[in-house]
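Q: just coords:
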C-alpha cells in the first residue's frame, strides 16, 4: 500500500511563496496530483504530473503561479506555489492514480493526510 506524506505547509503573507512536498513509501508510478480542500467546498485539483514522462496539468486558478515537479529517486513530489492569495488557503493533499487524463481530476487514491496552507492578508 502506498502512503504519501505531505509537508511544507504554513502561514504565508499574500503574494508570498511556499513549497510543499509529498513523499511516498513506495514508487508512485502513474499520475500524482495535488489537491486543495477548503471547508464547505469540494476538493479541487491543483496540479498533477505523469511520472513516466513528466507531463503536467494545472487547475485554472493556479496556472502560471504553481509548478509541480518530481524527484522519482526519492519518491517525492513538489508543489512550488508563488504569488499566493487568500483563495489558495486550504489543506493540500497528494494522491495517485494509474492513468493520465488531462483535465480529469477524478479517480485518485492513496491519499495523504494533508498539510495546511494559510495565506494571510
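A: Arrived safely, thanks for sending. Just so it is clear, the structure is predicted and the values come from calculations on it, not from any experiment.
Q: Going by C-alpha atoms from here, please, whenever you check contacts or count neighbours.
A: Fine.
Q: Would you mind confirming that residue 116 makes contact with residue 91?
A: Yes. The pair residue 116 / residue 91 is scored as a contact, 4.4 Å apart, by Cα atoms under 8 Å.
Q: Which residue would you name as the spatial centre of this protein?
A: Nearest to the geometric centre of the chain sits residue 34, at 2.1 Å (Cα atoms, centre = their mean).
Q: Show me what the host helix or strand of it pairs with in its sheet, parallel or antiparallel.
A: Taking DSSP states H and E as the definition, residue 34 sits inside strand 31-37. Here strand 31-37 is paired, per DSSP bridges, with strand 44-50 (antiparallel), strand 90-97 (antiparallel).
Q: Using CSV, lay out the ones you listed together with mean pLDDT and mean neighbour count.
A: Below are the strands paired with strand 31-37 laid out as CSV (pLDDT from 0 to 100; neighbours: other Cα atoms under 10 Å):
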stretch, mean pLDDT, mean neighbour count
strand 44-50, 98, 24
strand 90-97, 97, 24
